[in-house]
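Trainee: predicted model follows, preceded by the sequence.
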Amino acid sequence: MKEKKPEKVIIRIKRQESPEAKSYWEEYYIPYRPYLNIITCLQGIRKTLRTFDGRPTTPVAWESSCLEEICGICTMVINGRVRQACSALVDQLEQPITLEPMKKFSLVRDLIVDRSSIFENLKRVKAWVPMKDTQDRGPGPKILPKDQQINYALSRCFSCGACLEVCPQVNERNDFVGAAILSQARLFNRHPIGKEIQLERLKALVGEGGIEDCGNAQNCLEICPKDIPLIDSIAEINREITFNLIHLIKGK
Amino acid sequence: MSEAEIKPSIHFWLRRLHSLSGIFPIGVFLLEHMFTNAFILGGPEAYNHKIEFLRSLPFVAFIEITFIGIPILYHALYGLYVWGTGKSNLTWYPYPRNFLYTLQRWTGLIALIYIGYHAYHTRIVNALFGTEVSYARMAELVSVPWVFWFYVVGLFAVMFHFANGIWGFLISWGITVSQKSQKIAGLSAALVSLALFSVGISSLIHLVNHP
Ligand code: SF4
Ligand code: FES
């Protein structure tokens, strides 16, 4: 935390009106108060609708919802590093603060990106417990507490996309699904009933954009705001694949 | 990232083969090679004798091409392709592992250049022009200062690439799963490589000091 409190918070935002438009930087400021976070700054900018030198401007587009690092929708690149805007405190950031949209997703407008690819890839690996109907089958199988603990850690993923943003293997030349997807595949492979379609998940992960694209840079582990043991998940999926190589080589 | 369909791909299999080829046969050959190098420390006679023995093995050219030449070429070419699928981002995310990720690619390239040069002057010349490869020839080669330093750099690149490659292999095949086991594996691989590196360096120095 800084010793001397600044009077202003200076914020530079990378703006872009539409996916086709050209991007440009604009500078703003808001009066300093303690405990500001980036979302409150964005709200402040929206109130004045003026740039740093007083020119009127259009409202900056961003997304937020929970304001407590639970929904992941406010994920953006702050001072060069990807994180959640609602939990990024001005007092802990260097000024001027720069805000950019994530680069690994297609841009919608200003700070908003389209993260539906995460959802599509979750579908690709069937990250769910298969149920054919709604019949009551009584209580499910027991899960040991030590397994519950691991499952809980994995289930904390809120699909924010930070792990994809920092991954050198996720880029326009590559279709890699990324760490979050691999970790969710592991979570559902660990479930007593989810296990039923383990092989289908593994098949998806030896397909295009699958696990072979992982380069073990392990940035995902460093950045994940939920401290998910992502690299254990990747190695675990690798192990499951190794054990099932014969099935996978046969294809169907 | 694309839609929710699964496209089968050959790359998973090629990548696993790439990972495996680094350990077997290339890694195994590396161990054998460093073992042979150690005979340099025993003087010209011991070394020349060892080389003679290797050369007298049956089907030596066949073994060299199938178990050394082709695997190294495959590993190198597919490795370059893999390099092209990534995009280094050390500037904003300077984590140690990210650094090693980038270094693995550069040392692979240096190793490729070095191995090409080394194989040409110590093996291919023999096949093409019948140049005798012996202790004396090796000593002559590395007596040139830039060649000596090129060997040092090349050796370092190979050894780093090998150690980090073992670490990656163990993850890519799901052998080390927990972060703790990955760390232990990484440190052990580094120690093995360091030992091999010192064998290489001491052989080089011996060649220079006892031509
Ligand atoms: S694994 Fe972590 S970094 Fe990746 S999407 Fe989930 S919460 Fe975000
Ligand atoms: S608003 Fe939900 S995580 Fe920031």
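Mentor: In hand now; what should we look at? Ligands and ions are numbered 1, 2, ... in the order given.

Trainee: where's the residue most central in space within chain B, which helix or strand?
Mentor: Within chain B, one residue has its C-alpha closest to the average C-alpha position: by CA atoms, centre = their mean, that is B:Val158, at 4.2 Å. Using DSSP states H and E, B:Val158 maps to helix B:145-172.

Trainee: by contact count, what packs against that helix?
Mentor: helix A:230-243, helix B:11-21, helix B:96-119, helix B:135-142, helix B:179-209 (3 or more CB pairs under 8 Å, 6 or more residues apart in numbering or on different chains; DSSP states H and E). Backbone N, C-alpha and C define where each C-beta goes, glycine included.

Trainee: what sits against residue 206?
Mentor: Reading this off chain A. Contact criterion CB atoms under 8 Å, 6 or more residues apart in numbering or on different chains gives A:Glu212, A:Ile241, A:Leu248, B:Ser9, B:Phe12, B:Trp13 as the residues in contact with A:Val206.

Trainee: um, chain B though
Mentor: By CB under 8 Å, 6+ apart, the contact list for B:His206 reads B:Ile40, B:Leu41.

Trainee: distance check, it against B:Ala195.
Mentor: 17 Å (CB to CB, to the nearest Å).

Trainee: and the spatially closest residue to A:Pro31 that is not a sequence neighbour, how many neighbours?
Mentor: Distances taken as CB to CB, 6 or more residues apart in numbering or on different chains put A:Lys8 closest to A:Pro31, at 6.4 Å, once the chain neighbours are dropped. For A:Lys8, the tally of surrounding residues (other CB atoms under 10 Å in any protein chain shown) stands at 13.

Trainee: now B:Val133
Mentor: B:Val133 is surrounded by 16 other residues when neighbours are defined as other CB under 10 Å.

Trainee: likewise A:Pro59?
Mentor: For A:Pro59, the count of nearby residues is 11 (other CB under 10 Å).

Trainee: in terms of helices and strands, where is the nearest residue to it once chain neighbours are set aside?
Mentor: Once its chain neighbours are removed from consideration, A:Pro59 has its nearest residue in A:Arg46; the separation is 5.3 Å (CB to CB, 6+ apart). Taking DSSP H and E as the criterion, A:Arg46 maps to helix A:38-48.

Trainee: so for A:Lys4, what's the pLDDT?
Mentor: A:Lys4 is assigned 66 on the pLDDT scale.

Trainee: that should have said B:Phe129, apologies.
Mentor: Per-residue confidence (pLDDT) for B:Phe129: 87.

Trainee: what's it sitting at in phi/psi?
Mentor: phi -110, psi 0 (degrees, to the nearest 10).

Trainee: distance check, it against B:Tyr151.
Mentor: Taken as CB to CB, the span from B:Phe129 to B:Tyr151 is 22 Å.

Trainee: residue ranges in chain B under the pLDDT threshold?
Mentor: Within chain B, the set of residues satisfying pLDDT under 70 comprises B:1-5.

Trainee: please identify the deepest-packed of the helices and strands packed on helix B:145-172.
Mentor: helix A:230-243 (a mean of 22; mean count of other CB atoms under 10 Å in any protein chain shown).

Trainee: quick one: is that helix near chain B?
Mentor: Yes - on the criterion CB under 8 Å from any CB of the partner chain, helix A:230-243 is in touch with chain B at A:Ile231, A:Asp232, A:Ile234, A:Ala235, A:Glu236, A:Ile237, A:Asn238, A:Arg239, A:Glu240, A:Ile241, A:Thr242, A:Phe243.

Trainee: tell me which stretches of the stretch 51-200 of chain A form strands.
Mentor: Taking DSSP state E, counting those that start in this stretch as the criterion, the stretch 51-200 of chain A carries its strands at A:75-78, A:81-84, A:97-100, A:106-109, A:112-114.

Trainee: ok, residue 44 - contacts?
Mentor: If you meant another chain, say so; for now it's chain A. A:Ile30, A:Pro31.

Trainee: ah, no, chain B please
Mentor: When contacts are counted by CB under 8 Å, 6+ apart, B:Pro44 touches B:Ser134, B:Tyr135, B:Ala136.

Trainee: for chain A, which residue gets nearest to chain B?
Mentor: Among residues of chain A, the one nearest chain B by CB to the nearest CB turns out to be A:Arg239. It sits 2.5 Å away.
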